[in-house]
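K.L.:
Fold the following for me, if possible:
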Amino acid sequence: MDERGRLRGLRVRNFFLISLFLFLLLSPREAFPLQDEGGILSLFREEIESERANLRFEILDSSYAEFDFVGGFADGRYRLKSYRVKPLKENIYRLELLFEKKRGSFRYSQRVVFYFWQGRNRLVFLTKEGKKSFELPDVEINIEKTPSGYRIVKLFKEKVLRLPVEGGTVYLKIRRLK
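P.N.:
This is a model prediction of the structure:
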């Protein structure tokens, strides 16, 4: 009886260890190879030291992505359905984009994750091809003459950021907040 109980305990322990191993092996991971915040932060060390000011910008709904997969059935242009920005530390953020494409009665979606640093007038994204730096567009100020005097008009220009991803390219349209 003691021998059977011991064997049963060993089987339960082995089953638990194998299950835990398979769970850890098959659990989902991000596509970007850097998992820890410390690794991401060290890549932006120069940018953090050079500028500490925050910049506010908005991502426009007209952003899109073009994917070219091997199979071909889900290739083409995907529109931006939603996005989420999560602050990590000192002007470094995690941007999660969800793109969707409808073809006939089928809907295809792609999720893309970027890490970026934002400074006073600059954005630096980590992509599969390395860091991509972008200057934000300046606010254009026009002075118009009116019958009662003058009027100052601010124009907030859009900028398209071309970001390479696995299997395609993301065209992120941004502008400064008003």
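
K.L.:
Could you use CA atoms for every contact and neighbour count after this?
P.N.:
Noted.

K.L.:
Give me the domain ranges for the chain.
P.N.:
1-30, 33-176 (automatic domain parsing).

K.L.:
low-scoring pLDDT stretches of the protein, where are they?
P.N.:
1, 20-38, 45-56, 70 (pLDDT under 70).

K.L.:
The same query, at a cut-off of 80, please.
P.N.:
1-56, 69-74, 120, 177-178 (pLDDT under 80).

K.L.:
Which parts of it are helices?
P.N.:
2-26, 37-43, 45-50 (DSSP state H).

K.L.:
TSV please, covering the domains of the chain and showing mean neighbour count.
P.N.:
What follows is the domains of the chain, written out as TSV (neighbours: other Cα atoms under 10 Å):
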stretch	mean neighbour count
domain 1-30	10
domain 33-176	15
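
K.L.:
end to end, how far does stretch 92-112 reach?
P.N.:
17 Å (Cα to Cα, to the nearest Å).

K.L.:
Contacts for it, please.
P.N.:
Under the criterion Cα atoms under 8 Å, 6 or more residues apart in numbering, residues 41, 64-65, 74, 77-88, 113-118, 165 lie in contact with stretch 92-112.

K.L.:
likewise stretch 166-178?
P.N.:
56-69, 128, 136-137, 139, 156-164.

K.L.:
go on, stretch 122-129?
P.N.:
So stretch 122-129 is contacted by 32, 114-118, 131-136, 163-166 (Cα under 8 Å, 6+ apart).

K.L.:
Could you single out the nearest of these to Val12?
P.N.:
Here the nearest of these to Val12, counting by Cα to Cα, is Phe32; it sits at 36.1 Å.

K.L.:
hmm, back to that, inside strands: which ones of the contacts of stretch 166-178?
P.N.:
Secondary structure from DSSP state E places 57-59, 64-67, 139, 156, 159-164 of the contacts of stretch 166-178 in strands.

K.L.:
mind listing what Arg162 touches?
P.N.:
Contacts of Arg162 (Cα under 8 Å, 6+ apart): Thr169, Val170, Tyr171, Leu172.

K.L.:
Kindly recompute the last result at 6 Å.
P.N.:
Val170, Tyr171 (Cα atoms under 6 Å, 6 or more residues apart in numbering).
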